[in-house]
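>>> what follows is a predicted protein model with its sequence.
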Amino acid sequence: MIHVEDLRIDYDDNCAVRDLSLDIQDGDVFGLIGPNGAGKTSTMRALVGLLVPTYGDIQIAGIDIRENPQAVGQVLGFMPDFPPMYEDLFVWEFLDLFAASYFIPKLRRRPEIDHRLEQVGLTEKRRAFVGELSRGMRQRLMLAKTLLPEPKVLLLDEPASGMDPHGRAQMKHVIREFAEGDGSVLISSHILSEMDEFCTHIGIMQRGEMVVSGSVDEITGQVMGTTLLQIEIVSGQRALDQIVSQHNLTGDPRWKGKSCEIEFSGDEKEASELMALLVKGGVRMSSFSRKRESLEDIFLQVGAKELS
Amino acid sequence: MISELVTDNPILIKHVRSRLRRPQGTYLVITVFLVAACLMWAGHLGNILDDGPIFVMFFAIQALALHLAGTSQVASSISQSNDSGILDFHRVSPLSPSATAVGFILGAPIREYLVALLLVPFALFCALLGKPGLLGFCTTGAVLLSTTLLFHSVAMMAGLVAQPGKTRGANMGVGFLLVIATFATGLVFRGIPIPGLLTAGPALFEAMDFGGGGFPGPQTPTFFGVTLPLFVQSLIYQTPLTLFLLVAIVRRMRSGQAALYSKTTAIAFLVTVSVLNLGGIIGHQNVNPEFVVPVLLYVNWFIALALTLAVSPSQGSYRNCLRRANKLGLHRPPLWDDDSSNRGVVLALASVTFAMAQIVQTFVQANAGPQFWPRVGITLCVISYFGSAVQFFTLRFGRRSRPMLFLFLFLFWLMPLLVGSLAAAAFGNAGVGPFIAGLSPLFGIAAGSISSLVWSFVLAGVFYGLMVREERRCQDELRNATLLDFDAEV
């Protein structure tokens, strides 16, 4: 859905993004992580078409942004971190302005606007001036505006900044729903704990380069080397020790009473195979889980220390 | 297409909603009706409703509302949108850049358009009673509208090119241009159609017959020798200029980084201005070459300088252009690429001015005077060295280039004028003062002296050399950086 190849962005002598390549498929929620000045916002702006890259190819939903920027505009929803707004319009007028800009037919505009306001919890503010909204409400209004034309791709730059917990929960729900509907989402955020909850893929940028990218599991394996299996058993400790010692993807179990932790270097499929093996070997388990490393751990491991 | 541009234009509707909300809109309508009613009553009491003064007053109010208040409104609306970043949302929406531009041009001054519209019935009533009649009403109305679009386009462009937070300067610049244009109306009758015909004044003079039967006469401007009504000539001059401004506006609406004009459009712009200027003097019965030739050269020079600034790439853009060329395996960027050096376009602009001068010389041969070719030579050299200097300073100093350019202009254009004036005062008529002042093109083009031609020629050579050296430096730096990148990868 988003295809970026060999993207380079320069500001005078400063190379903001260097030879970046990226592929985001339908249903993926891709988190772009990096310290300030890593090139995230420049990448976002180039993807939207607001910034002309030095060179590189960008395709959104199969459309080349250089050849047909207006067609890309039709399938793309973009939400910047500090969304500017027309303060002198009513909330519904603001959405109507963009509904018309995205050629939503006149008759459909009102129900569509009402639906989006409800989705972001701003129905009561329909006839309030935009200038009267709090920062969090503005973010929610901007999210409504972004979703209005039913885009196929969402680009969100720090979408949750300024939102209260309720707003954040709503936003997460909206993003999940969007991705489940086969949309692609690219999010740039510093709130890694939140990204952790809904990102299927991540990319870590530093000094304009993509240091690592891929699915969260792949990155975890790549960066952290192993994941940790946490197992609680009812019985069969000896069988477990025996199976684990013969398995080539596991380390030695560390027991703490009836529970143990095992270093595991396989993926989720191999973990499920190990679980089946244990069950077959007579180990009765009350819990079997893979401890997922947090994005923050991964990010710190990669070496980005300028997290703000 | 029409609905996207006008009837269902979201930007236009946005402005209608925000600027004509009920309380303010109602007060405005009441106020305008009251003022109009007072004027009508005064005209009725003075028995002058059919003589024209009341019509002129209505016309003046409409012109003030549209030209002053409306222009200022366009400039502030677009610059605010540009500053806040909301223009970017319009850029990334599927709405075409031309629809966005039309939305701002027609929408931002919507209140002023309403004022003008409300006065139309009163003005029409006065016009039908006597002067200027239905035809005069229509012709002045057409020119008023055309001038409004021109001024609003200028304001829009100024708002789009103004740096964030420095929009007041842009607005003042627009106001200054309008004042000059208005005061230059008189030049129309001396064979200099630009900028006089860019205002609504001549069309109003014609409709009201202020010349006392002087239309048409020997002072009346003609277009390539054909005597056309002034309102037609105004439209002939205003329409292409408005269209060229709209081209720049649409480009900027599409991308905030884009140069105002492509290099070929800039050349076309100067060709159009030259043709319009030639139209004003060729076949005109009352052309005084000693006056007209320098003014024509100054007009072309001024437009060429503005176009040079509009098409010269910044340091970053030029380097990016080199990188792109490098990536494509080209030895140097294409000459007409928006981000390539301005040397090709400067040469073309100078050539257009030369061609115009050649045509002028052909048509006013007998009276061109001995200073004709030195004047042309100075203009060409100044266009050339200004272009090279702009490119040199931009490439050498990057974002600090603007103060350096201002310093250069102060030293080479203003200082000779000041020192020359002082020298003239100190040494009397010894020729020292004019000699020094002539080193500045501001006086040099009019003076047409050999010394100022030689000086301009030297500067053209020096700055061309500096520009070429700077371009090479950029290319070498980039080549070295690419090699470093390659080494790092290996």
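Right, received. Where do you want to start?

>>> could you list the domains of chain A?
As given by automatic domain parsing, the domain ranges for chain A are A:2-215, A:225-295.

>>> distance of A:L47 relative to chain B?
10 Å (C-beta to the nearest C-beta, to the nearest Å). In short, each C-beta sits where N, CA and C put it, glycine included.

>>> that residue falls within a strand, correct?
No: read with DSSP: H, G, I helix; E, B strand; the rest coil, A:L47 is helix and lies in no strand.

>>> burial of it, as a residue count?
When neighbours are defined as other C-beta atoms under 10 Å in any protein chain shown, A:L47 has 25 of them.

>>> looking at the domains of chain A, which is nearest to B:C38?
Closest approach to B:C38 among those is made by domain A:2-215 (31.6 Å; C-beta to C-beta).

>>> follow-up on the earlier one: determine which of the domains of chain A approaches B:L49 most closely.
domain A:2-215 (40.2 Å).

>>> single out the most deeply packed of the domains of chain A.
domain A:2-215 (a mean of 19; mean count of other C-beta atoms under 10 Å in any protein chain shown).

>>> dump the domains of chain A into JSON lines; add mean pLDDT as well.
JSON lines is the format used below for these (pLDDT from 0 to 100):
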{"stretch": "domain A:2-215", "mean pLDDT": "88"}
{"stretch": "domain A:225-295", "mean pLDDT": "86"}
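
>>> helix or strand for residue 138, which one?
Let's take chain A. helix A:135-147 (DSSP states H and E).

>>> oops, chain B please
helix B:133-161.

>>> my read: B:V92 touches A:V48, true?
Yes: if you go by C-beta atoms under 8 Å, B:V92 and A:V48 touch, sitting 5.0 Å apart.

>>> now the common contact residues for those two.
In terms of C-beta atoms under 8 Å, 6 or more residues apart in numbering or on different chains, B:V92 and A:V48 are both contacted by the residues A:76, A:78.

>>> circling back to that earlier point, right, and the helix or strand after the helix holding A:R138?
According to DSSP H and E, the helix or strand after helix A:135-147 is strand A:153-157.

>>> who does the residue of the stretch 151-300 of chain A found nearest chain B bridge with?
Of all residues in the stretch 151-300 of chain A, the one sitting closest to chain B is A:L155 (9.5 Å; C-beta to the nearest C-beta). Beta-bridge pairing of A:L155, defined through DSSP bridges, involves A:F78, A:L186.

>>> pretty sure it sits against A:M44.
Yes: with contact defined as C-beta under 8 Å, A:L155 counts as touching A:M44 (5.5 Å).

>>> got any residues that touch both of the two?
A:78, A:186.

>>> who in the stretch 351-490 of chain B is up against chain A?
Residues of the stretch 351-490 of chain B lying near chain A by C-beta under 8 Å from any C-beta of the partner chain: B:398-399.

>>> follow-up on the earlier one: export the domains of chain A to TSV and tack on distance to B:N320?
Below are the domains of chain A laid out as TSV (distance: least, C-beta to C-beta, whole Å):
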stretch	distance to B:N320
domain A:2-215	4
domain A:225-295	33
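
>>> B:F393: which of those is closest?
domain A:2-215 (14.6 Å).

>>> and the next helix or strand past the helix or strand where B:P294 lies?
Assigned by DSSP H and E, B:P294 belongs to helix B:289-311. The first helix or strand that comes after helix B:289-311 along the chain, using DSSP H and E, is helix B:315-327.

>>> residue ranges in the stretch 251-400 of chain B under the pLDDT threshold?
For the stretch 251-400 of chain B, the stretches with pLDDT under 70 are B:285-286, B:364-368.

>>> hey, where'd the strands end up in it?
Assigned by DSSP state E, counting those that start in this stretch, the stretch 251-400 of chain B shows no strands.

>>> tell me the contacts of the residue of the stretch 151-300 of chain A closest to chain B?
When contacts are counted by C-beta under 8 Å, 6+ apart, A:L155 touches A:44, A:47-48, A:76-79, A:186.

>>> on that earlier part again, now the angle from the helix holding B:P294 to helix B:133-161?
50 degrees (axes from the mean of the first three to the mean of the last three C-alpha atoms, to 10 degrees).

>>> gap between helix B:289-311 and the chain center?
Taking the mean of its C-alpha atoms, helix B:289-311 sits 11 Å from the chain's own mean (C-alpha atoms, centre = their mean, to the nearest Å).

>>> packing partners of it?
helix B:263-281, helix B:343-363, helix B:372-397, helix B:441-447 (3 or more C-beta pairs under 8 Å, 6 or more residues apart in numbering or on different chains; DSSP states H and E).

>>> what sits against the closest residue to B:G438 other than its chain neighbours?
Once flanking residues are discounted, B:G438 sits nearest to B:S452: 3.9 Å by C-beta to C-beta, 6 or more residues apart in numbering or on different chains. Contacts for B:S452 (C-beta under 8 Å, 6+ apart) come out as B:374, B:378, B:438-439, B:441, B:444.

>>> which pair in these spans the largest distance?
B:P374 and B:L439 (13.6 Å).

>>> so between those two, which is more surrounded?
In this view B:P374 and B:L439 are compared by other C-beta under 10 Å, and B:L439 has more residues nearby, 24 against 21.
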